[in-house]
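Participant: Any chance you can model this:
(2 chains)
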Amino acid sequence: MRTNKLDVTIRTAAGVLLVSILLAGCDKRAPDTGAPPATPAQAAPATPDAPPPADALSTPDAAPAAPVQPAPDAPPPTEPSVAPKPTAAVEPNLDSMTLATPSAKLSVAADLRYQFDGVALPNQPVILHLAAVPRVSGSKLSVNVRQVDGVQLTAGALSAQKANGAEVYRQQYSVTRGTHSPPELRVLVTMETTAGSAFGFFSVPFGSGTNAQKQDSVKQR
Amino acid sequence: MRKYTLGLTLAGIAALLLTACGGGGGSSSSSSGGSANTAPVANAGSNQTVISGVTVTLNGSASSDSDGAIASYTWTQTAGTPTVALSSGTTSQPTFPAPTVATTTTLTFSLVVTDNRGATSPAATVNVTVNSSLNVAPTANAGSNQTATSGITVTLNGSASNDPDGSIASYAWTQTAGTPAVTLTAGTTAQPTFVAPTVATATTFTFSLVVTDNGGATSSASAVNVIVNPPVAGNVNVTGQVKFARVPFGSSPSSGLIYSTPVQRPSRGVMVEALAAGTTTALATATTDDAGNYTLTVANNTSITIRVTARIQRTGSPQWDVRVQNGVAGTNPYSYTEPGSFNSSAGTAHNVAIPTGISAAGVAIGARASGPFAILDTIYQGIQTVLGAAPDTVFPALIVDWGSQTEGTFFTAGGGQHIALLAKLGEDTDEFDQHVVAHEFGHFIEHNFSRADNIGGAHGLGDKLDPRVAFGEGFGYAFAAIVLNDPLARDSYFDGTNQVSAWFNVEDNPPSNPSGAQNDNFGCWCSESSVWSILWDIQDNVADANDTVALGFQPIWDVLISEQKATPAFTTIFSFVTALKAQNPARSAAIDTLVLAQNINSNNIDAYGTNEAHVPLPLLAAPTLPIYTVATIGGPAATLSTSDDAGRDNKLGDRRYIRFNVPTARSVTITASSSNTSNPDTDFKVFRNGSLVVAATNPPAPNESATFQASAGDYLVDVYDCANGCDTAEGAPGDYILTVTIN
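Facilitator: As a prediction, the model looks like this:
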């Protein structure tokens, strides 16, 4: 595990400063990530939410599916109310943060750790701390929490033009769940290396903290 | 953990020094209280009789040492003319090409082995008799004449062909008479097929078969006639072509899928049915040929609907059965049923175009119908690649799970053999990512026809990996590039705004010089990038800086199904390259150049990487080398460093290897412990020739022990602290010392 002296040293000093920062868009303990200051939640992109490819074709007899569309009179999806702003947060120790689960197959050579400052209850903002820890050097490191219906996020993507394998890249978000929000956030991490470019989607469940299970993977990705 | 590295490393070094002083200083320091070193016993293997031109493998692997391990082998030709050139005189299994001889000649070889304490064995000898007769040409047998009706799939059968002094290496079928020309599917195999064409009167189609043996000799042609009769009265043939829509990538490597410009591709080898209109009753069934063509014979003036099922299936030799289904709920493969119906006597070709069901903007607008057929077609291409090297291959059944709930993209052999592929259109969907599909099929190929000691797990581009993982994953992407004849591997995804791709090129060799920034992607025996670049360069015919090798896929396949499958070591780049050099001694120097450029010591390579000296940053030497620590039964405890500096679970340094020899059958007890004091959980697994012998993976415990009955031979131990080497970390990952005893 990489424990960065710079990270530890600056952490204490930066903590004082962070108390006054409502939504931490930059972390002075981390290298310059180019993270923008806190912004209101961005409008959700036109994500091509697909109907399940499987269901309509699950048997030889099945006819092609029609696209899934909400009924014209269907109520709009529940959105969280305007979120009160959370209090400032001090960055947690890297070792105490939970390791996010990466997507399968060839991914980005970086760990993503996360921690919520509290329980993510509906309509109550909570600070989400993210820390990306590259295992190799590269460039154009980007960490982007995907916008999903039912969840309000503040702060934009974390990005760094140069990613050093010995550094920790942090970002904070204010997260407010809606009543019917999905059970997890999806975080896209991308990075370029001398060998090419890579990406990985990581799962960050709202119910953070899981019991460690000793289980060897049998999956060849 | 980095901040503890110095202290633990010094402790580790001290322990290692003590171990070395205690165990390696001579016979008086033996743990048995000063007993003399017993000389090893050489075993040169069984006598052999061969013909000129074949590759002969000598086998000294049954040599043994009752109180230690075999450290080296020395082979010498002691009799017979001419003197042959062994691929290596110092490995357990050297090879040589059997020379051309005028009369039957016996070549005698002597083997002397040296144990780990310097004692040498008496010489053992083995005779290789080289038959003077020239390679006898094989005999082709095109099978019996047949009669078929238009629309029926006809299987030609050349499996009775034979070679009296070898084996059939390839089949070449040619249509020599009959109109129209037919399309043979799997035309280079023993049992190709074709759809009997529509004819007005009985027509004879003649096919010629020529076979080639493993010595390169070809047979005379053998002919077979197939008389094709018109459909029986009242029946009619419905013909057509099935195509599916494939979504292509944009031109730049980082561009994603371009949904606005799908291209039509023939759907090869899939099942087509004529359904009675408005029902699910199948009136006729056929399989498309390599051009996607089908012929269905049904009654005149019948209203029918065409259904195409996402399953490719062939019985006989070769054989395969692959289907794509919903990974969550489905047990049946996906299918596409054409909307509407038509009259069977319409008399015109009825082509089927399977749509993507995705708009130009990348939004699903219906069932994503062509996805399963795109997946199948990539796998079909992979099957053809294998058949090019082994024409009669019988593939085990394979299920591809592709659905909205598929959890990831991976291959697993547990609970039946499955490939899972992502189908999340707004995030990551893999049906059109051909390198991803072919990569997973590569895992299937390695698992079934070679051996995959790959422990699996997540891995990222540039990671320093457990060498078993590096080889398996590197092979997967090299295989994909070979299948697709495209070195540019791309994996598309939606970044929230655009369709884009991650990418790399297997032709790009990681640089060899590690000076400069720490952690960069330099060549390594622990790098999947190195593995895929080496394998691709072995196959391709494009020379570059260190690549003058152009062997094609056949030698790769030959190693995979022989030495790599049987290696007593773990399956890594070391075991592969060692065997490749042995099988291709004439290209050994060129292979060395290629492999050395990846910081892998190819000059003195063996399956264990015994002489490897490269330590990749950011790791230190202690948790990296030697790749296998040699231990002896009853000998001093083996101490090994483990580190998470390259990452957890399956990265380099997380797990360490031990090898030991059991001279005669006996009970063996292995114990392992870790210097981890926070939450120690030491585990280990014991393997022999790739098979798990025993696993000591009890719930968290600082010490593990296992006793098992061992037959004579070489064994491997894969030992780790779960803080570093388990799927889910237990305790704090860091730098620890593992201590292992074998009694």
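
Participant: Now do the contacts for B:D428.
Facilitator: Residues in contact with B:D428, defined by C-beta atoms under 8 Å, 6 or more residues apart in numbering or on different chains, are A:S103, A:F201, B:L422, B:D491, B:S492, B:Y493, B:F494. Quick note: C-beta positions are derived from backbone N, CA and C, even for glycine.

Participant: correction: B:F708
Facilitator: B:S667, B:V668, B:V686, B:V693, B:V694.

Participant: B:D592 in helix, strand or coil?
Facilitator: Using DSSP: H, G, I helix; E, B strand; the rest coil, the structure places B:D592 in helix.

Participant: show me the contacts for it.
Facilitator: B:K581, B:S602, B:N603.

Participant: Give the residue spans of chain A that score low on pLDDT.
Facilitator: Within chain A, the stretches with pLDDT under 70 are A:1-89, A:208-221.

Participant: In it, what residue spans correspond to helices?
Facilitator: A:5-19 (DSSP state H).

Participant: Enumerate every residue touching the closest residue to B:L461 other than its chain neighbours.
Facilitator: In this structure, B:L461 finds its nearest non-sequential neighbour in A:A198, 3.8 Å apart by C-beta to C-beta, 6 or more residues apart in numbering or on different chains. Contact analysis of A:A198 by C-beta under 8 Å, 6+ apart lists A:L106, A:S107, A:V108, A:A109, A:T190, A:M191, A:E192, B:G460, B:L461, B:G462, B:A502, B:F504.

Participant: wait, which of those residues is closest to B:E473?
Facilitator: The nearest member of the contacts of A:A198 to B:E473, counting by C-beta to C-beta, is A:L106 at 7.0 Å.

Participant: wait, doesn't the closest one sit right on B:E473?
Facilitator: Yes: here A:L106 reaches B:E473: they are 7.0 Å apart, a contact under C-beta atoms under 8 Å.

Participant: Pretty sure A:G150 sits against A:V175.
Facilitator: No: A:G150 is beyond contact range of A:V175, at 11.2 Å (criterion: C-beta under 8 Å).

Participant: still on that earlier bit, including neighbour count, distance to B:T642 and secondary structure, could the contacts of B:D428 go into JSON lines?
Facilitator: Formatted as JSON lines, these follow (neighbours: other C-beta atoms under 10 Å in any protein chain shown; distance: C-beta to C-beta, whole Å; DSSP: H, G, I helix; E, B strand; the rest coil):
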{"residue": "A:S103", "neighbour count": "25", "distance to B:T642": "27", "secondary structure": "coil"}
{"residue": "A:F201", "neighbour count": "23", "distance to B:T642": "29", "secondary structure": "strand"}
{"residue": "B:L422", "neighbour count": "26", "distance to B:T642": "33", "secondary structure": "coil"}
{"residue": "B:D491", "neighbour count": "24", "distance to B:T642": "31", "secondary structure": "strand"}
{"residue": "B:S492", "neighbour count": "23", "distance to B:T642": "37", "secondary structure": "strand"}
{"residue": "B:Y493", "neighbour count": "26", "distance to B:T642": "34", "secondary structure": "strand"}
{"residue": "B:F494", "neighbour count": "22", "distance to B:T642": "39", "secondary structure": "strand"}
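
Participant: nearest to B:V549, of those?
Facilitator: B:D491 (27.6 Å).

Participant: ok, and the closest non-adjacent residue to that closest one?
Facilitator: Nearest one to B:D491, counting by C-beta to C-beta, 6+ apart, is B:A502 at 4.8 Å.

Participant: so what pLDDT did the one you found get?
Facilitator: Looking at B:A502, its pLDDT stands at 97.

Participant: Isn't it up against A:E192?
Facilitator: No: with contact defined as C-beta under 8 Å, B:A502 does not count as touching A:E192 (9.2 Å).

Participant: circling back to that earlier point, list buried residues within the contacts of B:D592.
Facilitator: B:K581, B:S602 (16 or more other C-beta atoms under 10 Å in any protein chain shown).
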